[in-house]
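> quick one: sequence and predicted model below, then my questions.
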Amino acid sequence: MIFLVKGKKLSIEIPNELQERIMISEVLTDGRQESCRKCLTKTIESNTLRQLLQARELQESAPSSKAPDQFHESQAPMSLPPSYSQAETNESSSVPHWAIYAVCISGVLGLVVIASVVYLLVSRRKKDNTVNPWATGLSGQLRKAFVTGVPSLGRAELEAACENFSNVIGTVSDSALYKGTLSSGVEIAVASSPVKSAKEWSDRSEEQFRNKISELSKVNHKNFMNLLGYCTCDAPFTRMMVFEYAPCGSLFEHLHVREAEHLDWPTRLRIIMGVTYCLEHMNQLDPPVTPRTLNSSSIYLTEDYAAKFSDTEFWKDDDADASAPTRSAGQDSIVYKFGILLLEVISGRLPFSEDHGLLVLWASSYLDGKRPIGSMADPVLRASSPVPEEDLAALCDVVRLCINREAAKRPSMGEVAGLMKGAVRLSPEQTTPRNNPLWWAELEIMSTAST
């Protein structure tokens, strides 16, 4: 309450806040609390707004020389009545605790879901970018161990296993093949590039070498000499590929070397069908894997004389148009070479010799029906037991299609496999090695690479 003296008169001025509290007490005494609360809120809001407008007008109309105490008095912050702050507190406290807990739990669950989705997307992307060798046929333990790629091996380990690379078991145009024995007694085959200097090894050569490793790692078939690892070293310069080993030599040796054990007719059929299933599998990969070479020297035999087709050459002719829709020159060439291999297995003759010339020309008279087809079989086979002519006739039908002079009229490798399955009724299980040392070789390679 403020007492003002104007002249001889005394006047009493009641502040606005006091007037408001008097109003509240009067309303409460009348017992109309609920409606008064609404009136109170409106009154407070209107008074507050009126005070703000008055302060604004005073600020704009006041001269710049206004005293500091007057300026601060007009700009002093206004405090809300206690009843207004209490109303806000009561309103916020009216929110139930379970609603707060529900909001918190929902937020946590949302974060967990978002994190899980991000993790799955990142994991899937990493999985798509990794090389997955041996997509089929391996045990679960080894498949997990090699899921990130083919293991890289040290030159020292391979040099010790191959006895300083002294045991040569084969040669091709661009590599030599050595036999090696790991510390566990498991035998391996090591293909080594003849290049001995980094100056002779171009970036293109390195790219082809890496592509070869990636390609072979995807094959994995029981009738294939599967890739176990590789070796790169700059001093001394080394580029090597490590394969599983087949101990009974090559098909070439058993067909053409007198000292080697000769193969009977059922064994020859089992070998050729093993190669057929392997080539069919390679043709079904995405993209298809087409070997550069197919002959009796590239087929090795296990202890039970099952076929192990090998692709140990370092280079591959990849200048052909990769955008060709279905067929390529390499596929047509493999089909033709398969026909020649069939003739070689049937007749026991070399694909070419100075005495008899080309095997295709020699066999043409039998294939055309000018000579009895039974006389076409290997004399070694005829000396032991006659070869069923129905088998010969069915295989010769396949040969005619494979060696057609017009490449476009030759069947695909998939079609050849279908024809062979009808001619030689052997299942894939009957053509696979019974005692396969691949598992132990992979296990030893894995332990060697990790040390």
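Nice, thanks for sending it over. Numbering: from 1, shown residues only.
> hang on, V190 packs against V242?
Yes: between V190 and V242 there is a contact at 5.5 Å, judged by Cβ atoms under 8 Å. C-beta coordinates here come from the backbone N, C-alpha and C atoms, glycine included.
> show me the strands in the protein, by range?
2-6, 9-13, 168-172, 175-181, 187-192, 227-234, 237-244, 299-301, 307-309, 352-353, 357-358 (DSSP state E).
> related to what we said a few turns ago, which residues are in contact with both of V190 and V242?
Common neighbours of V190 and V242, using Cβ atoms under 8 Å, 6 or more residues apart in numbering, are L158.
> before we move on, the earlier item: just name the most buried of the strands of the chain.
For those, the largest average neighbour count (mean count of other Cβ atoms under 10 Å) is found in strand 307-309, namely a mean of 27.
> pull the contacting residues for the closest residue in space to L263 that isn't next to it in sequence.
In space, and not counting its chain neighbours, L263 is closest to H254: 5.2 Å by Cβ to Cβ, 6 or more residues apart in numbering. If a contact means Cβ under 8 Å, 6+ apart, then H254 has A260, E261, H262, L263, L301 as its contacts.
> now the buried members of the residues you listed.
Neighbour counting by 16 or more other Cβ atoms under 10 Å classes H262, L263, L301 among these as buried.
> include distance to K218 and mean pLDDT when you put the strands of the chain into a markdown table, please.
Below are these laid out as a markdown table (distance: least, Cβ to Cβ, whole Å; pLDDT from 0 to 100):
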| stretch | distance to K218 | mean pLDDT |
| --- | --- | --- |
| strand 2-6 | 97 | 45 |
| strand 9-13 | 98 | 49 |
| strand 168-172 | 21 | 86 |
| strand 175-181 | 20 | 93 |
| strand 187-192 | 18 | 96 |
| strand 227-234 | 9 | 94 |
| strand 237-244 | 14 | 96 |
| strand 299-301 | 20 | 97 |
| strand 307-309 | 15 | 98 |
| strand 352-353 | 33 | 94 |
| strand 357-358 | 35 | 95 |
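> adding distance to A417, write those out as TSV.
Below are the strands of the chain laid out as TSV (distance: least, Cβ to Cβ, whole Å):
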stretch	distance to A417
strand 2-6	112
strand 9-13	112
strand 168-172	25
strand 175-181	27
strand 187-192	26
strand 227-234	23
strand 237-244	23
strand 299-301	16
strand 307-309	13
strand 352-353	26
strand 357-358	26
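> which one of the ones you listed lies nearest to I114?
strand 227-234 (41.1 Å; Cβ to Cβ).
> which residues sit against the closest one?
With contact meaning Cβ under 8 Å, 6+ apart, strand 227-234 is reached by 133, 150-155, 158, 188, 198, 213, 216-217, 219, 238-244, 441-442, 445, 449.
> so that strand versus strand 187-192, what angle?
Going by axes from the mean of the first three to the mean of the last three Cα atoms, to 10 degrees, strand 227-234 is angled at 40 degrees with respect to strand 187-192.
> please write out the alpha-carbon positions of strand 227-234 in PDB.
Taking Å, rounded to 0.1, in the frame of the first residue of the first chain, the C-alpha atoms of strand 227-234 are listed here in PDB:
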ATOM      1  CA  LEU A 227      43.800 -74.700 -54.900                       C
ATOM      2  CA  LEU A 228      45.200 -74.700 -51.300                       C
ATOM      3  CA  GLY A 229      47.200 -71.500 -51.300                       C
ATOM      4  CA  TYR A 230      49.700 -69.300 -53.100                       C
ATOM      5  CA  CYS A 231      53.100 -67.700 -52.500                       C
ATOM      6  CA  THR A 232      54.400 -64.200 -53.500                       C
ATOM      7  CA  CYS A 233      57.900 -63.100 -52.700                       C
ATOM      8  CA  ASP A 234      60.200 -60.400 -54.100                       C
END
